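> I would like to see how this sequence folds:
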Amino acid sequence: MKNILKVLLSLTILVSCGEAQIKEETVEVLSCKDLRTGKFKYEVKEMKINTTVVRTDSLQIETELNSGIVFTYGVNWISDCVYTLQLQDCSQKLPEDAFNNLMTVNITETGIDNYNIVGTMSGKEGDFKVKIYKVD
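Numbering: from 1, shown residues only. Below is the predicted model of the structure:
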């Protein structure tokens, strides 16, 4: 009987220590609210796009590092995980209708230092998916 009590006590201690260690190792995952502002980066290898993003609550500036082209968008948050982007300015001449397109961005998953989006463009068929990394 004493041996059974010793084993149960040992198991209880091991489980308690294990739970404490697991709690200490828990890492916070970003929430959509953490992504409203900050510095980010993303890459689309197939299209050779490497971009940095600086976002405030109402403005997003994207710099494509390979070409140096800078895009400035107005940001409108629809909900915690959905926002729209409206092109306001570009460092390169674009067709006038480029400024009429509204991009809707849905944050579909968040991680420790990144998030996934699915975006759609008004007037265009299909969507695009990108993994974006928070750098600050």
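
> The spatially most central residue of the chain bridge partners, please.
In the chain, the centroid-proximal residue (C-alpha atoms, centre = their mean) is Y115; its distance is 2.9 Å. As for beta bridges, Y115 partners with T110, I132 under DSSP bridges.

> dump the residue contacts of it.
Applying C-beta atoms under 8 Å, 6 or more residues apart in numbering to Y115 gives the contacts 30, 32, 35, 107, 109, 131-132, 134. Yep, even glycine has a C-beta here, placed from its N, CA and C like the rest.

> Which one of those is nearest to G68?
I132 (20.1 Å; C-beta to C-beta).

> Give me the distance between that closest one and G123.
Here the criterion is C-beta to C-beta, to the nearest Å. By it, I132 lies 23 Å from G123.

> Report pLDDT for the closest residue to S31 other than its chain neighbours.
Of all residues not flanking S31 in the chain, T110 sits nearest, at 6.4 Å (C-beta to C-beta, 6 or more residues apart in numbering). With respect to pLDDT, T110 has a value of 96.

> what's the spacing between stretch 127-136 and its chain's center?
With C-alpha atoms, centre = their mean, to the nearest Å as the basis, stretch 127-136 stands 5 Å off its chain's centre.

> is it true that the residue nearest to S31 touches D80?
No. Using C-beta atoms under 8 Å, T110 is not in contact with D80, being 10.7 Å away.

> Between those two, which is the more surrounded one?
A count of neighbours by other C-beta atoms under 10 Å puts T110 above the other of T110 and D80, at 17 against 12.

> mind listing what G111 touches?
G111 sits next to 29-30 when contact means C-beta under 8 Å, 6+ apart.

> First-to-last residue distance for stretch 106-117?
In stretch 106-117, first residue to last residue: 5 Å (C-alpha to C-alpha, to the nearest Å).

> how much space between the residue nearest to I49 when sequence neighbours are not counted and G126?
Closest residue to I49 apart from its sequence neighbours, by C-beta to C-beta, 6+ apart: E64 at 6.2 Å. From E64 across to G126, the span is 21 Å (C-beta to C-beta).
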